[in-house]
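Asks: model the following, please.
(chains A and B)
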Amino acid sequence: MATKYLIFLGCAIPYRVSAYEISARKVLQKLGVELVEMPEFNCCGLPLDPVSHEMMLILAARNLALAEQKGLNILTLCTGCAGTLKKVSKMLKEDKVLREEINHHLKESGLEFKGTTEAKHLMQVLIEDVGIEKIKDSIVKPLTMLKVAEHNGCHILRPKEFIGFDDPEDPKTLKTLIEATGAKCLDYIDETECCGAPSVGVSDKVALQLARDKLNHIKMVDAQALITICPFCHIMYDTNELRIERMFNETYGIPVLHYPQLLGLAMGMSPEELAFSELRVDTSKIIKQVMEGAS
Amino acid sequence: MTEKTKNPIKSSEMDPKFKYEISKMHGGEKLLRCFQCGTCTSDCPVARFSETYRPRQIIRMAQLGLKERLLKSDTLWLCASCFTCTDRCPQGVEVASVIRVLRNLAAEKGIVPQVFKDQASSILESGYAYRIPELRVKKRESLGLPPLPKSNPESIRKSLARVKFLKVIEKQGE
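Replies: All right, here's what the predicted structure looks like:
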């Protein structure tokens, strides 16, 4: 089974989202996925696509070329990194002229993109390589007492032509993974809509309104928590939840968990082990429920 | 965009070749396919909360060749690149990519929001888009995490040596 990956952290996770990394490493280890640290790292390139498509392509191709040298596929936790690496890999494989152009840049630092490696997001590795049965078998404390909502992250869904891994209009993977823990995953309005993160820095107000809209829809179905699989989406909902509440005079109090934190709880790990203390929105209510529900 | 009847379009503003310039760029190839149905704007989450951001209007302005108005517009930078417009466009225009092409053209003219300049210089210095505080790097150990992957900024700068955009911001920094 191909369960050895280079782990690609991206920039947002080491900058401010450690709970995601801590919990992901813990559950992957338990599921027998071996992680090798990225030999050299640079940003996937996505943040600079708006100003220089050329720079984005080179940065992404560099990472792919470095992984090729190691002979390993990449696992990313961030949907932005996953989407970018997948997209660029496909573009360069299919477009010989573009590939030669980018390789011309990479040659300056002794690298070459050949197209022999694949980049996968955490949830893709869980569903395709580990498999839902193995995940279900690892559950010791089914979270049947929880009703949660999911948020996928745009770049692991769209553009479909490049990602093609789940249905962007009605994605199923994250729901399936959530339900494997025993928790119920609720449907809500505009579930596949953007969290707004890429507009932060250009217009915080517009960005936060997007996040607020989603939180309103999630509140409407009485979800006890929101589950994310991307550091940027997590920042929008967890780090910014209080700010949104103040700015728009709303009350949510919806805890925002990284998926591996939810899975880890169901695997019997403690909230401490899974770095719940790093989360901004208070999680004590759902933790109490999980603990009591199990006794 | 913000311009309404107060600021009528003059035919002298239109660059008839602009649409071909865009069509030659990676991602802009399908600009001419747009027949203005408005699916992009009606499905755009940003358009819902912005008074000015309308992807259909941007595409029409690009087709008309209103280059100056477009490239100088703040509105261009509001796209959250969620790719909903790209996926739902019945004509396969790749709306988000056309908008990205326009932003790239604005950037080549030196119009770049500060956030992108900061991220570009951080990547050149450290490989990471954000400057990760030393405290964070040290904290990894106490959290039981492996050391932060080392980057190779010198090698990155070599790969990026001929990137046009970097020359633009270098020039601005002088």
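Asks: confirm that A:I227 sits in a helix.
Replies: No - according to DSSP: H, G, I helix; E, B strand; the rest coil, A:I227 belongs to no helix; its state is strand.
Asks: for B:G110, give me its contacts.
Replies: B:168, B:171-172 (Cβ atoms under 8 Å, 6 or more residues apart in numbering or on different chains). Where C-beta positions appear, they are placed from N, C-alpha and C, glycine not excepted.
Asks: for those, which ChimeraX command selects only the ones that are buried?
Replies: Buried residues among the contacts of B:G110 (16 or more other Cβ atoms under 10 Å in any protein chain shown), as a ChimeraX selection:
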select /B:168
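Asks: A:T228: which of the contacts of B:G110 is nearest?
Replies: Taking Cβ to Cβ as the measure, A:T228 lies nearest B:V168 of the contacts of B:G110, at 35.3 Å.
Asks: isn't the closest one right next to B:N104, touching?
Replies: No - here B:V168 does not reach B:N104: they are 10.6 Å apart, not a contact under Cβ atoms under 8 Å.
Asks: if I look at the spatially closest residue to A:D129 that is not a sequence neighbour, how far off is A:G131?
Replies: Excluding its sequence neighbours, the residue lying closest to A:D129 (Cβ to Cβ, 6 or more residues apart in numbering or on different chains) is A:T3, at 5.6 Å. When distance is defined by Cβ to Cβ, to the nearest Å, A:T3 is 10 Å away from A:G131.
Asks: before we move on, what about A:K184?
Replies: 22 Å.
Asks: can you check A:K160 too?
Replies: Remark: distance between A:K160 and A:G131 (Cβ to Cβ) = 24 Å.
Asks: which of those two has more neighbours?
Replies: Neighbours were counted for A:K160 and for A:G131 using other Cβ atoms under 10 Å in any protein chain shown; A:K160 has more, 16 against 13.
Asks: now residue 124: which helix or strand?
Replies: Reading this off chain A. helix A:122-124 (DSSP states H and E).
Asks: um, chain B though
Replies: Here B:L124 is assigned to helix B:114-126, by DSSP H and E.
Asks: residues in contact with the helix or strand just after that helix?
Replies: For helix B:114-126, the following helix or strand on the C-terminal side (DSSP H and E) is helix B:134-142. If you take Cβ under 8 Å, 6+ apart as the criterion, helix B:134-142 is touched by A:14-16, A:18, B:146-148.
Asks: could you do stretch B:163-174 as well?
Replies: A:48, A:51-52, A:54-55, A:58, A:105, B:104, B:107-110, B:112, B:117, B:120-121, B:124, B:160.
Asks: what subset of these is buried?
Replies: A:48, A:51-52, A:54-55, A:58, A:105, B:104, B:107-108, B:112, B:117, B:120, B:160.
Asks: got those residues as TSV, with distance to A:V97, secondary structure and pLDDT columns?
Replies: Output for these, formatted as TSV (distance: Cβ to Cβ, whole Å; DSSP: H, G, I helix; E, B strand; the rest coil; pLDDT from 0 to 100):
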residue	distance to A:V97	secondary structure	pLDDT
A:L48	22	helix	97
A:V51	23	coil	97
A:S52	19	coil	98
A:E54	14	helix	97
A:M55	18	helix	98
A:I58	15	helix	98
A:H105	14	helix	97
B:N104	18	helix	98
B:A107	23	helix	97
B:E108	21	helix	95
B:V112	27	coil	94
B:K117	30	helix	94
B:A120	26	helix	96
B:L160	20	coil	97
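Asks: now, which of those residues sits nearest A:V140?
Replies: A:L48 (43.9 Å).
Asks: in terms of helices and strands, where is the closest residue to A:D190 other than its chain neighbours?
Replies: In this structure, A:D190 finds its nearest non-sequential neighbour in A:H217, 6.0 Å apart by Cβ to Cβ, 6+ apart. If you go by DSSP H and E, A:H217 is part of helix A:204-220.
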